[in-house]
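Peer 1: predicted model follows, preceded by the sequence.
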Amino acid sequence: MAAAPVVAKIVAEGAANSMKAWVLEEGGDLAKLAVKRVEIPTPAAGQLRVKVVTANTNPVDFKHASFGAVGAVFPAVFGCDGAGVVDAVGADVTAFKPGDRVHYFGNVFGAHGTYAEFAIADAHAVAPVPEGMDWATAGVVPCALWTAYEALFDRMHLRAGQTVFVAAGAGGVGHFAVQLAKHAGAKVITTASGDNVARLREQGYTVIDYRNEASLKDAILKATDGNGVDCALDCLGEEQAKDTIAAVAFGGQYTHIALTAPLPADAFFRGLTVHHVFTPGNVVRPDHGARFVAIAAKADALLVSGAVKPDVSQTYDFDGVKAALEAQVGGRVRGKQLIKISADSA
């Protein structure tokens, strides 16, 4: 008989060995996310328990709450990204010990996320917080920065002199991707709207104000003198995939991080190499762990050097988690939102 899935155990107020956490008892409605008392979890073999200091929001968080991830368990403590101090380790964990500073993108299918005093992380997908990185930075980079780095360099092997299109250059993944690409010596074309257009242009990017363009494809081709881009990173999904793919040069590369619809046939007929970066897959597959942590180390080093900087547009405390997720749903977030879970984040 298969073991019962691990879920967050809700307990009475004042119960021993308990903590406060943002919990959803069943998937399908973000409005039902609420603060509960839950039993402090015990790490299983291969896991760490982390005393959470900082966290942030990602689209996957509200999508999990609103639609329920396939294979997810409930009740569940929410929050995928986090940074904190190792509090306890399970059997077979040798790379970490209590007291270590770590950050990670957690298991979206699991029960003990980072919007809590303590969280559970799979040791194979955890990275040490490097010297010189503060808690605010450590808490906002895992999903967005590491996804951008994997897409550009692990998959497309972007190099100096190439032209790359990054969708949504002011967004979570996008704002890291444009900086990484520029640092690598690539010519960067991106999209934005409102105040973000001028902000990104001041930083040296070619910016397409998508709200003023009838055709994204034509705007990208115009920016490349009709040649198209060598590489494209699509952070938005099917609503613009067709136009983006059509603006990639013959034999170029296209990477998506959110596309669930079938790819346009044009990608095949024009000889494009297509990549799909699904960061949760790196977490649930232990055999991917070493590669994922190596990507994290390279990306983190660029942050510590100052070559890349997070744009933290909003900061919330623990009680503001739901408001932060609601802002993420509305698409009103520039860069990243920091959530200070504990007083240690000051």
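Peer 2: That came through, no problem. Numbering: from 1, shown residues only.

Peer 1: average pLDDT for the helix or strand hosting Lys20?
Peer 2: Per DSSP states H and E: Lys20 is located in strand 18-24. Average pLDDT, strand 18-24: 97.

Peer 1: stretch 123-131 now?
Peer 2: 96.

Peer 1: and that stretch, what's buried?
Peer 2: If you call a residue buried by 16 or more other C-beta atoms under 10 Å, then stretch 123-131 has these buried ones: 123-130. All C-beta atoms are positioned from the backbone trio N, CA, C, and that covers glycine.

Peer 1: and stretch 181-191, by the same measure?
Peer 2: 181-182, 184, 186-191.

Peer 1: go on, stretch 74-91?
Peer 2: Residues of stretch 74-91 classed as buried: 75-90 (neighbour count, 16+ other C-beta under 10 Å).

Peer 1: could I get the CA-only coordinates of that stretch as PDB?
Peer 2: C-alpha atoms of stretch 74-91 as PDB (Å, rounded to 0.1, in the frame of the first residue of the first chain):
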ATOM      1  CA  PHE A  74      -3.600  19.900   0.400                       C
ATOM      2  CA  PRO A  75      -3.700  21.300   3.000                       C
ATOM      3  CA  ALA A  76      -0.500  23.000   1.900                       C
ATOM      4  CA  VAL A  77       1.700  25.900   3.100                       C
ATOM      5  CA  PHE A  78       2.300  28.100   0.200                       C
ATOM      6  CA  GLY A  79       5.500  29.800  -1.200                       C
ATOM      7  CA  CYS A  80       8.100  28.300  -3.500                       C
ATOM      8  CA  ASP A  81      11.100  30.700  -3.200                       C
ATOM      9  CA  GLY A  82      12.800  31.300   0.100                       C
ATOM     10  CA  ALA A  83      16.000  31.900   2.000                       C
ATOM     11  CA  GLY A  84      16.900  31.100   5.600                       C
ATOM     12  CA  VAL A  85      18.900  29.100   8.000                       C
ATOM     13  CA  VAL A  86      19.000  25.300   8.100                       C
ATOM     14  CA  ASP A  87      17.300  24.200  11.300                       C
ATOM     15  CA  ALA A  88      17.400  20.400  11.000                       C
ATOM     16  CA  VAL A  89      18.400  17.800   8.400                       C
ATOM     17  CA  GLY A  90      17.000  14.500   7.500                       C
ATOM     18  CA  ALA A  91      18.800  11.200   7.000                       C
END
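
Peer 1: how about the buried residues of stretch 181-191 in CSV, adding distance to Ala296?
Peer 2: Formatted as CSV, the buried residues of stretch 181-191 follow (distance: C-beta to C-beta, whole Å):
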residue, distance to Ala296
Ala181, 18
Lys182, 21
Ala184, 18
Ala186, 21
Lys187, 27
Val188, 23
Ile189, 27
Thr190, 24
Thr191, 27
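
Peer 1: show me the two of the residues you listed that sit farthest apart.
Peer 2: Ala184 and Thr191 (19.7 Å; C-beta to C-beta).

Peer 1: hmm, back to that, inside strands: which ones of the buried residues of stretch 74-91?
Peer 2: 76-77, 81-89 (DSSP state E).

Peer 1: looking at those residues, which is nearest Leu325?
Peer 2: The closest of these, once distances to Leu325 are taken by C-beta to C-beta, is Asp81, at 12.5 Å.

Peer 1: so that closest one bridges to which residues?
Peer 2: Following DSSP bridges, Asp81 is listed with bridge partners Phe105.

Peer 1: surely it is in contact with Phe105?
Peer 2: Yes. Asp81 is within contact range of Phe105, at 5.7 Å (criterion: C-beta atoms under 8 Å).

Peer 1: what do these two both touch?
Peer 2: Listed as contacting both Asp81 and Phe105 by C-beta atoms under 8 Å, 6 or more residues apart in numbering are 142-143.

Peer 1: got the domain ranges for the chain?
Peer 2: Per automatic domain parsing, the domain ranges recorded for the chain read 18-141+284-345, 144-277.

Peer 1: ok, which of these comes nearest Ile10?
Peer 2: Each of the domains of the chain has some distance to Ile10 by C-beta to C-beta; the shortest is domain 18-141+284-345, at 5.1 Å.

Peer 1: give me the distance from that closest one to the chain's centre.
Peer 2: Averaging C-alpha positions (C-alpha atoms, centre = their mean, to the nearest Å) puts domain 18-141+284-345 10 Å from its chain's average.

Peer 1: list just the nearest of the ones in strands among the buried residues of stretch 74-91 to Gly14.
Peer 2: For these, the nearest to Gly14 is Val77 (18.8 Å; C-beta to C-beta).

Peer 1: which intervals of the stretch 1-150 of the chain have sub-threshold pLDDT?
Peer 2: 1-4, 66-71 (pLDDT under 70).

Peer 1: go again using 50 as the cut-off
Peer 2: 1-2 (pLDDT under 50).

Peer 1: mind listing the strands for it?
Peer 2: 18-24, 34-39, 47-56, 76-77, 81-89, 101-105, 118-122, 126-128 (DSSP state E, counting those that start in this stretch).

Peer 1: and the fourth one, what does it pack onto?
Peer 2: Yep, that's strand 76-77 we're talking about. Contact here means 3 or more C-beta pairs under 8 Å, 6 or more residues apart in numbering; DSSP states H and E; on that basis strand 76-77 packs against strand 18-24.
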